[in-house]
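S.K.: What follows is a predicted structure for the sequence shown.
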Amino acid sequence: MNFHEYPDREALFLDLSNMLAGELRRALSEEDRATFSVPGGTTPGPVFDNLSGVGLDWGRVDVLLNDERWVPESSERSNTALVRGRLLTGRAAEARMIPLHREGAEPEEALDALAEAVEPALPIDVLLLGMGTDCHIASIFPGADRLDEALSARAPVLLPMRAPGVPEARITLSMRVLREAMSTHILITGAEKRAALEAARGADPAEKPVAAILNTAHVHWAE
């Protein structure tokens, strides 16, 4: 694990944005298209705001969520809506978003069609993850109904996921897909998540899923 500590959140968001933009530029210099996988939630919002104004060939970038809550885009809990509103604006509006939700179906019913759109964009070039205080990443939660399958080296690209205390079904990239990313960054803030991260070092991924990816990740933290 490469740990990056910042004096404050403003410095974290700015430096991380610059790092991600640089990696996307390098990927685009070597490939026709680049895949940028991002988390939902509020923490990465300032990073998205910064990146939306960066001068990249965004028309050649595929944006893919790490996971999505199974709610319509009109919901305030939709990760898709968050990314469209904060990342896919300004210069970044030209990027193509690969959907992880389909109206009028349950996750299991939409899984094959969604995975068919995701697979050509793999492997992920630049992966940005968040982490919960329970050490979940994407929607790979401790105690989730398909956790073992999500952690398997033979896991499919996408999995539906349900977990205790999580109010709606989710759809998530599997750990196999996350681990195959060319570059991985984890964004966390605050003392509670720092403590959770330290507890995850060397832990069983079935108990602390982030442990499955720490060895290859850059972790960015500020109080």
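M.R.: Received, thanks. Numbering: from 1, shown residues only.

S.K.: Next, the contact list for Leu147, please.
M.R.: With contacts defined as C-beta atoms under 8 Å, 6 or more residues apart in numbering, the neighbours of Leu147 are 140-141, 206, 209. For the C-beta atoms, the positions are set from N, CA and C on the backbone; glycine is no exception.

S.K.: Just the buried residues of these.
M.R.: Buried by 16 or more other C-beta atoms under 10 Å: 140-141, 209, out of these.

S.K.: Just give me the closest of those residues to Ala200.
M.R.: Lowest distance from Ala200 to the buried ones among the contacts of Leu147 (C-beta to C-beta) belongs to Pro209, with 8.5 Å.

S.K.: so can I have JSON lines of the contacts of Leu147 showing pLDDT and distance to Ala11?
M.R.: As requested, the contacts of Leu147 are exported to JSON lines (pLDDT from 0 to 100; distance: C-beta to C-beta, whole Å):
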{"residue": "Ile140", "pLDDT": "98", "distance to Ala11": "29"}
{"residue": "Phe141", "pLDDT": "98", "distance to Ala11": "31"}
{"residue": "Ala206", "pLDDT": "98", "distance to Ala11": "35"}
{"residue": "Pro209", "pLDDT": "98", "distance to Ala11": "28"}
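
S.K.: Can you get me a residue count around the nearest residue to Asp8 once chain neighbours are set aside?
M.R.: Nearest non-adjacent residue to Asp8, counting by C-beta to C-beta, 6 or more residues apart in numbering: Ala222, 5.7 Å away. For Ala222, the neighbour count with other C-beta atoms under 10 Å is 20.

S.K.: Tell me where this structure has strands.
M.R.: Using DSSP state E, the strands found in the chain span residues 2-5, 34-38, 61-65, 67-69, 96-98, 126-129, 158-161, 170-173, 184-189, 217-222.

S.K.: Give me the helices and strands touching the last one, please.
M.R.: The contact analysis (3 or more C-beta pairs under 8 Å, 6 or more residues apart in numbering; DSSP states H and E) places strand 217-222 against strand 2-5, helix 9-30, strand 184-189, helix 191-200.

S.K.: out of these, which comes closest to Pro72?
M.R.: Nearest of the helices and strands packed on strand 217-222 to Pro72, taken as C-beta to C-beta: strand 184-189 at 26.3 Å.

S.K.: The closest one: partners in the sheet, and parallel or antiparallel?
M.R.: Strand 184-189 sits in its sheet next to strand 126-129 (parallel), strand 217-222 (parallel), going by DSSP bridges.

S.K.: And the average pLDDT for stretch 4-20 is what?
M.R.: Throughout stretch 4-20, pLDDT has a mean value of 98.

S.K.: ok, Val63 touching Leu87?
M.R.: Yes: the pair Val63 and Leu87 qualifies as a contact (C-beta atoms under 8 Å) at a distance of 6.7 Å.

S.K.: Of these two, which one has the most company?
M.R.: Leu87 (24 against 21).

S.K.: show me the residues around the closest residue to the more buried one other than its chain neighbours that make contact.
M.R.: Spatially, and ignoring its direct neighbours in sequence, Leu87 is nearest to Phe48 (3.8 Å; C-beta to C-beta, 6+ apart). Each residue near Phe48 by C-beta under 8 Å, 6+ apart is listed here: 38, 82-83, 86-87.
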